[in-house]
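A.B. asks: No letters, just coordinates:
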Ligand SMILES: O=C(O)[C@@H](CO)OP(=O)(O)O
Ligand SMILES: [Mn+2]
Ligand SMILES: [Mn+2]
């Protein structure tokens, strides 16, 4: 895609022929790593991707999907769906939310901005509540940013602070929640020594409490609301370290799914419900899993669940999470301005787009890839650019199960919808996200992840076959790694074991590169991946 100046007109590509249907697949969580038994992509039967790989370098290249190559702060930052799809959709690298927050904290500018001033107005009489994911995963939030914010807010006048934590186990090892809560507790103790009344007030596992996405299951947000705002939860403890340790004693406990709890005082009263006159900050920088809570905290008219009480508060997001909805209206750091994305160029140039995304509608489990090829792809912007030019299709997933139980997910249905769209010849670009490698990879179930990769590969074949039939071009790539490495490793790459001799399962994304394969009969003679995509790892 080439354009000049501010014009929307696209110049003809020097190598790609015009008028060919493009089938674009994002394999979610599909990286390239050394082959061994923890590399589920290697172990799985993946003849389609294998045959593309055998065509390297003509048909298959590796590109970086982590660290500074996708706008993340450091080379130690794993890739994720937001940055991966932002970069793919915009065709450019933006300093991502994580980095912008780092800069604002380091320079102190965060405390001079309108967003901070807005919440500061409540510091005299009210409590400052901080709600977000407690880990150093760097995908949605980072512990050190929370630590800086706690210190900075107290230095800028916050006298009473309550932290509402969401335990992770998805971007970091399962079980690591205890350590993070201990660290936070020790910071809060230091603040208390300085006369700030600072405590953890509530908590719960990210996938069960608060961090739903794409309006998949409002029950998740409600559980968080009850604990954070109303001070009500089935589990009550007097301190958060005890809470997390106790809840983890259940043999099926998992940081991602810990039940909601509130911290109570010696009389059994919740120590930090959110009330009129308080300030609230959601400290996640990543958008998708904060949008729903932002709506509940901000929207006067709200009918997704009974809020019981709608406190009059000053609320700010760490970032603005949805540029189209301007949600939330107050925020501490301006988000990356991802403008002029490929989708917008396409509609301006009369290119018809079909995007197939998956909705998972089931209770308290991993949510969706619903907005990955739309919201993230379009620069964190909800809705269509032009609904006459674009069609977004959502496929509901199975209800009430976790993905290791049904690792095929809806890969075939997504691919069939895409195939039909390609064969209809009504669209110029058909793009899909295949969630299997990522969603099943996050469960840490190796057998199921192998099945997941096989299903995704079959779906890729359906797309490629359809593209062959219409003489089009396919682009198969991924947003970041996940399923290609399911074990935590030492610096030499050897698997790590816990104190009981069990392998340490890696549920997170990885730092590995991802493939990009470009091919199909629509490519002009002599044009191949190597010529179109020169960036190689
Ligand atoms: O599930 C999520 O929120 C993240 C991991 O934290 O995964 P992805 O970036 O693939 O959406
Ligand atoms: Mn992803
Ligand atoms: Mn993921």
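C.D. replies: The structure has been received and is ready for your questions. In this text, all values refer to a predicted model and were calculated from it rather than measured experimentally. Ligands and ions are numbered 1, 2, ... in the order given.

A.B. asks: how near is the residue in the stretch 51-200 of the chain that ligand 2 sits nearest to to residue 510?
C.D. replies: Minimum separation of the stretch 51-200 of the chain from ligand 2 (Cβ to the ion) falls at residue 81, amounting to 3.1 Å. C-beta coordinates here come from the backbone N, C-alpha and C atoms, glycine included. Residue 81 is 13 Å from residue 510, where distance means Cβ to Cβ, to the nearest Å.

A.B. asks: got it, and residue 467?
C.D. replies: Residue 467 is 29 Å from residue 510, by Cβ to Cβ.

A.B. asks: what about the helix or strand harbouring residue 187, distance to the chain center?
C.D. replies: Element membership for residue 187 (DSSP states H and E) is helix 177-193. Its chain's average C-alpha position is 26 Å from that of helix 177-193, according to Cα atoms, centre = their mean, to the nearest Å.

A.B. asks: Note down every partner strand of the following helix or strand past that helix and its orientation.
C.D. replies: Once the chain leaves helix 177-193, the next helix or strand it forms, by DSSP H and E, is strand 197-205. Looking at strand 197-205 with DSSP bridges, its partner strands are strand 160-167 (parallel), strand 261-263 (antiparallel).

A.B. asks: Show the average pLDDT along the longest one.
C.D. replies: Per-residue confidence for strand 160-167 averages out to 98 on the pLDDT scale.

A.B. asks: and that strand, anywhere near ligand 1?
C.D. replies: No. Taking Cβ under 6 Å from any ligand atom as the criterion, strand 160-167 and ligand 1 are apart, separated by no less than 11.1 Å.

A.B. asks: which residues touch residue 430?
C.D. replies: 21, 22, 23, 24, 353, 354, 355, 356, 418, 421, 422, 463 (Cβ atoms under 8 Å, 6 or more residues apart in numbering).

A.B. asks: what do you get for residue 12?
C.D. replies: Counted by Cβ under 8 Å, 6+ apart, residue 12 has contacts residue 18.

A.B. asks: now residue 237
C.D. replies: By Cβ under 8 Å, 6+ apart, the neighbours of residue 237 are 243, 246, 261, 262, 263, 264.

A.B. asks: my guess is the fourth one meets residue 201, correct?
C.D. replies: Yes. Shown here, residue 262 and residue 201 form a contact pair, counting by Cβ atoms under 8 Å, at 6.9 Å.

A.B. asks: helix/strand/coil for the residue in the stretch 101-250 of the chain positioned nearest to ligand 1?
C.D. replies: Nearest to ligand 1, among the residues of the stretch 101-250 of the chain, is residue 139, at 4.2 Å (Cβ to the nearest ligand atom). Of the three states, residue 139 takes coil according to DSSP: H, G, I helix; E, B strand; the rest coil.

A.B. asks: That one against residue 80, yeah?
C.D. replies: Yes. Applying Cβ under 8 Å, one finds residue 139 in contact with residue 80, separated by 4.5 Å.

A.B. asks: what sits in contact with each of these two?
C.D. replies: 286, 509.

A.B. asks: near ligand 2, which residues of the stretch 351-500 of the chain?
C.D. replies: 438, 479 (Cβ under 5 Å from the ion).

A.B. asks: Flag every residue of the stretch 351-500 of the chain that's near ligand 1.
C.D. replies: Counting by Cβ under 6 Å from any ligand atom, the residues of the stretch 351-500 of the chain that sit close to ligand 1 are residue 438.

A.B. asks: which stretches of the stretch 351-500 of the chain have low pLDDT?
C.D. replies: 356-370, 399-401 (pLDDT under 70).

A.B. asks: where do the helices sit along it?
C.D. replies: 411-424, 436-441, 446-470 (DSSP state H, counting those that start in this stretch).

A.B. asks: and the closest residue to ligand 1 within the stretch 201-350 of the chain, what element?
C.D. replies: Per Cβ to the nearest ligand atom, residue 289 is where the stretch 201-350 of the chain lies closest to ligand 1, at 5.6 Å. According to DSSP H and E, residue 289 maps onto no helix or strand at all.

A.B. asks: leaving aside the residues next to it on the chain, what's closest to it?
C.D. replies: residue 211 (3.9 Å; Cβ to Cβ, 6 or more residues apart in numbering).

A.B. asks: Now do the same contact list for the one you found.
C.D. replies: Residue 211 neighbours (Cβ under 8 Å, 6+ apart): 133, 140, 166, 220, 284, 289, 290.

A.B. asks: right, and the secondary structure at it would be what?
C.D. replies: coil.

A.B. asks: Perfect, I'm done here.
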